[in-house]
Every structure is written in C-alpha cells, then in structure tokens.
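Undergrad: Sequence and computational prediction follow.
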Amino acid sequence: MLLYLDEAVNGYDAYSILKTGHTIFGEYWPLFAKSTGDFRETIYHYLSIPFIYLFGLNEFSVKIVSFIFFFISIIFVYKISLEVFENRKIAVFTSLFFTFNPQNLILFSLAFRMNIFIGLFLVGLYYFIKFLKLNKGRYLIISTLFFSITLWSYFSARVFVPLFMVSILLVYYKEFLTVKKEFFLSLLIFLSIFIYLFSFWISPQGMARANTEVEYSLIKPILNYMLYLDPYHLFLYQKKFSFMPENSGVFLFIELPFYLLGFYYFIRKKLYNDKIKKILLILLFLSPIPANFTGPLFEPMFFRAHILKPWINIFSAFGLVEFLEYLHYRRNLTYSIIKRVTYMFYILVTINILYSLYSRFYLYPAHRSYLYNYGIKEIIEESKKSKYKNVYLSDKLYFFYYYIAFYEKIDPKYFEKYPIKFNLNTISPFNGIKIKKYIFVDISKIPITKEKSLIIERGNLPETIIKSYPYLKLLKKIVFPYNNKILYTLIEYN
C-alpha cells in the first residue's frame with residue numbers, strides 16, 4: 001500500500017500520541033495538531049490509536065479507520081434512503097451507487113478526515129429523520145450529538161454543518177417546538193461545541209489553511225457553485241486532479257439519465273412538499289458551498305464536496321426505480337420486452353461498476369501513484385539496511401520527514417529531545433533539519449566528509465555530473481513505471 005503525505009502525518013502523530021501523549025511537534029493531546037502548513041482536527045489520530053496499538057505502525061493500521069467509516073456510510077446511506085422513500089429498491093440502488101462510486105473507491109481507501117465527516121453526518125441525519133417521523137425527542141438529541149462531533153472532523157464541516165443546522169431550524173421549527181425540552185438541550189449541546197471550536201477556527205492557527213487556499217471574492221464561488229450540480233461535471237468531467245478517478249467521471253456514468261429523471265420526478269410529483277423528502281433538496285443545494293471557496297475557477301474540487309455524493313446517489317436510485325416502474329405499468333409493452341429492458345439496465349449497471357473497479361485498482365494506481373510519493377518507502381528501506389553514516393536529502397524533499405518518522409518508526413521521544421523547527425516563509429525552510437542520520441541540505445553544498453553517505457536528489461541528476469566527481473557513484477534511479485519518469489536519484493558519496 002502507498003501512503004499519501006496526509007496519511008503519514010495522521011499515522012505518525014497518532015503513534016506519537018500513543019507513546020508519549022505528544023505529536024511530532026510537541027503538542028499534548030491536542031484537538032488540533034500542527035501539520036504541513038496548517039492545523040488540523042485530530043479526530044482521525046485518536047480513532048487510529050487503538051489499531052496502531054494492536055497492529056503496530058503500518059499502512060493498514062492507519063487506513064482501517066477509513067475502511068470502517070466507509071462501511072458505516074454504506075449502511076446509513078441505505079437506512080436513510082429507506083426512511084425517506086420507504087422503498088427497499090431505492091435503498092439498495094442508493095447503497096450500490098454509493099459503494100461503487102469511482103471517487104469513493106479512492107477517497108475511502110485513504111486515511112482522510114473527510115471520511116469521518118461523511119460517516120458521522122450520515123448517522124446524525126438518520127436519527128434526525130427518525131425524529132421527524134416519530135416525533136421522539138431522544139432522536140433529536142442523538143442526531144445533534146453526531147452533528148456536533150462532525151464539526152471537529154474536517155474543514156468543510158465548519159461551513160456545511162452550521163448552514164445545515166440553520167436550514168433545518170427554519171424549515172422544521174414547528175416540529176422542534178413539539179419537543180421543547182429536548183430541542184433546547186440539543187441547541188445547548190450544539191452551540192457549546194460550536195462556540196468552543198469557533199474560537200480556534202478564527203485564531204491565526206485556525207485560519208492558516210483559509211489564508212492560503214480560500215478565495216474571499218464572491219465571484220468565483222458563485223460561478224463555481226452550479227458546476228457541482230451540473231450533470232456534465234458530475235458524470236463526464238475528467239480533470240486530472242489528485243483524487244479524480246482515471247478515465248471516469250466522479251459518479252458512475254450509468255447514473256446520468258437516472259439522476260436527471262430522479263430530479264424530474266421529484267419536482268413533478270411535488271415531493272419537495274413532503275416533510276421528510278424536502279430535506280434532500282436542502283442537502284443537495286448546501287453540499288457544494290464549502291468547496292466553492294477553494295480551487296481554480298471553473299474546476300470543481302469534488303473531493304472537497306465529498307458530502308454531496310449520497311444525495312446524488314439517492315436521486316439517481318429514485319430515478320432508476322421510477323423508470324422501471326414506469327416500464328412495468330406501460331400497457332403497450334409486453335412482459336418479455338419489459339423483462340429484457342430491465343435486464344439490459346442491470347447489465348449496464350454491472351458493466352459500469354466493473355469498469356469503476358478496473359479504473360480504481362488498475363488505471364488509477366498506474367497513472368497516479370506518483371501523487372502518493374511513489375518510491376519513498378523503497379528509498380527509506382534502502383537507507384535502513386545500508387551502513388551509510390549519513391543520508392543527505394535535497395531540501396526540496398521536505399515532505400520526507402514524516403515518511404522517515406513513519407517508516408523508520410522513530411521513537412517519538414527523539415523529537416522531544418530534538419524538535420523539528422522550520423519556517424515556511426523562508427526560501428529553503430527545511431535546509432539543515434536533521435532526523436537521526438537523515439539531513440536535509442542543498443545538494444550542491446554537501447559538506448566534504450570521509451564518511452560513506454547516501455545522497456537523494458529529486459528528479460534526474462545527469463550521470464555526466466555524477467561522473468565529474470570521483471567521490472560520487474550512481475546507485476539507482478527510482479522510475480515511475482507508467483511513463484518512465486525519473487522521480488529520485490540515489491548517489492553514494494565515498
């Protein structure tokens with residue numbers, strides 16, 4: 001398994017907290033931890049700790065939390081669909097579309113906080129719908145607890161969840177007033193957690209990510225908003241962003257006509273007037289808002305609108321079932337024709353799902369492994385088994401420090417004694433940083449030494465340059481197999 005940088009960050013910090021109570025940067029049991037340029041919620045860290053304790057620090061123990069939340073999300077997408085439409089077929093197709101969503105197969109295989117966000121929110125939404133149907137206050141309290149915890153899961157939740165809570169307060173205020181005691185308790189719970197977290201969000205540390213990525217102009221968010229609901233961008237758009245599926249849209253192509261049909265039938269039958277079903281429109285139209293403020297103009301960042309997927313899947317499943325029922329009640333169609341058409345659609349859905357799996361487990365790794373810093377594990381393993389006194393890394397490889405800590409399983413107490421200090425506002429913020437035998441330097445300024453050392457440079461270092469120095473010897477070049485691009489050059493210094 002390859003590790004994305006954020007996964008190595010989550011994994012090692014969880015390991016460090018387990019061993020010492022501190023992160024790699026010395027924060028003690030934090031709610032938000034310093035990361036690569038910002039401060040992030042530590043909910044993933046704490047949920048990973050039991051698995052790291054049981055299985056050790058490795059790729060599986062870090063990723064398993066996301067796998068669990070994928071399973072939770074699938075279950076609750078099914079349960080929500082069943083509660084909303086009271087139709088088992090719609091629930092089955094919704095969970096099927098969600099499970100084999102091309103981008104979900106990528107994102108839920110990664111140790112990302114956004115997976116916790118969507119899982120927790122779906123659980124909260126299920127209990128909120130139960131409250132609306134049964135008018136039992138305990139369900140409102142349970143849903144509020146999950147919505148509140150969701151605030152501490154991912155950046156998008158900071159915007160989406162408060163907007164959602166305000167929306168349901170305006171739409172369902174009559175229902176809330178039927179359980180006044182539970183409503184005010186729920187309101188107190190949510191506001192207490194929100195205000196506490198908000199105080200950090202507006203601090204310099206909490207605004208670190210927003211100051212570098214958020215577009216404060218209203219023009220781009222308005223122009224980008226509809227792209228998140230536009231069928232072309234949902235089903236056909238193939239921009240090569242980090243977490244976009246290869247040769248596939250964000251959703252299964254077969255969903256496209258049924259998504260349109262689902263939306264059409266929803267409006268035509270005036271289901272937006274139904275107390276329960278109207279919540280789908282609220283969710284659909286709110287979901288793109290947080291992602292609107294990041295990314296380039298006219299290029300939707302769908303992985304940051306992860307919460308949008310269940311509602312699109314529900315509309316697609318609703319449209320598919322409505323279409324099949326329409327065929328069934330057509331008097332001018334024979335049973336054999338209806339049966340053949342139904343089987344044809346089942347076959348097309350199966351083919352699309354199989355292609356989604358092919359795209360995720362063959363095409364995506366072949367084309368995008370470099371995004372997961374392909375070759376780093378091999379380099380560190382080579383360094384571990386060697387007898388090199390020092391390993392000099394180009395200061396361009398600043399992201400290596402978390403991978404070194406992760407794969408070397410460095411005792412967190414080392415960083416208490418030798419803390420990592422860098423300034424991202426300088427030209428070479430990692431120049432001079434040392435982690436045991438690993439030293440980040442400007443490769444052109446490696447000090448002359450008699451000790452046998454390993455030098456790691458990013459990209460291709462021509463052999464003519466290496467041969468011009470008698471004390472340098474080319475060991476190997478790490479090549480990305482798909483396009484034979486040279487990612488790293490390993491040189492022996494003797």
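TA: Arrived safely, thanks for sending.
Undergrad: S248 looks like it's in a strand, true?
TA: No. Checked against DSSP: H, G, I helix; E, B strand; the rest coil, S248 lies outside a strand; its state is coil.
Undergrad: Dihedrals phi and psi, it?
TA: phi -160, psi 150 (degrees, to the nearest 10).
Undergrad: What residues does it make contact with?
TA: When contacts are counted by C-beta atoms under 8 Å, 6 or more residues apart in numbering, S248 touches 102, 238, 355-356, 359. To be clear about C-beta, it is placed using only N, CA and C from the backbone, and glycine gets the same treatment.
Undergrad: same thing but at 10 Å, please
TA: By C-beta atoms under 10 Å, 6 or more residues apart in numbering, S248 lies in contact with 101-103, 105, 235-238, 352, 355-356, 358-360, 363-364.
Undergrad: next one: Y264
TA: Contact analysis of Y264 by C-beta under 10 Å, 6+ apart lists 315, 319, 322.
Undergrad: Confirm for me that K220 is in contact with F293.
TA: Yes. With contact defined as C-beta atoms under 10 Å, K220 reaches F293; the gap is 7.8 Å.
Undergrad: Looking at the two, which is more packed in?
TA: Using other C-beta atoms under 10 Å, the more surrounded residue of K220 and F293 is F293, with 20 against 17.
Undergrad: if I read this right, the more buried one contacts R304, doesn't it?
TA: Yes. Contact between F293 and R304 holds when scored by C-beta under 10 Å: they sit 9.4 Å apart.
Undergrad: Max pairwise distance over the contacts of S248: which two?
TA: Using C-beta to C-beta, the two most remote members of the contacts of S248 are Y237 and Y358, lying 19.3 Å apart.
Undergrad: With neighbour numbers in mind, choose between those two.
TA: Y237 (19 against 14).
Undergrad: Buried ones among the contacts of S248?
TA: 101-103, 105, 235, 237, 352, 355-356, 359-360, 363-364 (16 or more other C-beta atoms under 10 Å).
Undergrad: between these, which is nearest F183?
TA: Nearest member of those to F183, counting by C-beta to C-beta, is N101, at 34.9 Å.
Undergrad: How much space separates Y364 from L110?
TA: Distance, Y364 to L110, by C-beta to C-beta, to the nearest Å: 12 Å.
Undergrad: which residues are common contacts for those two?
TA: F243.
Undergrad: contacting residues for G319?
TA: Counting by C-beta under 10 Å, 6+ apart, G319 touches 90, 93, 255-266.
Undergrad: Tabulate these (TSV), appending distance to F422 and pLDDT.
TA: Compiled in TSV, the contacts of G319 are given as follows (distance: C-beta to C-beta, whole Å; pLDDT from 0 to 100):
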residue	distance to F422	pLDDT
I90	52	96
F93	50	95
E255	45	92
L256	47	92
P257	52	92
F258	51	94
Y259	47	94
L260	50	94
L261	54	95
G262	50	95
F263	49	93
Y264	55	94
Y265	56	94
F266	52	95
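Undergrad: So which of the buried ones among the contacts of S248 sit within helices?
TA: Among these, DSSP state H puts 102-103, 105, 235, 352, 355-356, 364 in helices.
Undergrad: Now these in JSON lines, please, with extra columns for distance to M1.
TA: As requested, those are exported to JSON lines (distance: C-beta to C-beta, whole Å):
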{"residue": "P102", "distance to M1": "19"}
{"residue": "Q103", "distance to M1": "19"}
{"residue": "L105", "distance to M1": "14"}
{"residue": "F235", "distance to M1": "29"}
{"residue": "N352", "distance to M1": "26"}
{"residue": "Y355", "distance to M1": "23"}
{"residue": "S356", "distance to M1": "20"}
{"residue": "Y364", "distance to M1": "13"}
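Undergrad: from these, which is closest to I456?
TA: Y364 (26.6 Å).
Undergrad: hmm, back to that, show me the contacts of G319 that map onto helices.
TA: Per DSSP H, those map to helices at 90, 93, 255-266.
Undergrad: same question for stretch 422-429, mean pLDDT?
TA: Across stretch 422-429, pLDDT averages out at 64.
Undergrad: no no, stretch 51-69
TA: 96.
Undergrad: Report the buried residues of it.
TA: Applying a neighbour-count criterion of 16+ other C-beta under 10 Å, one finds 51-52, 57-59, 61-66, 68-69 buried in stretch 51-69.
Undergrad: can you list these in a markdown table and add distance to A405?
TA: Below are the buried residues of stretch 51-69 laid out as a markdown table (distance: C-beta to C-beta, whole Å):
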| residue | distance to A405 |
| --- | --- |
| F51 | 18 |
| I52 | 13 |
| L57 | 9 |
| N58 | 13 |
| E59 | 14 |
| S61 | 15 |
| V62 | 13 |
| K63 | 17 |
| I64 | 20 |
| V65 | 19 |
| S66 | 21 |
| I68 | 25 |
| F69 | 25 |
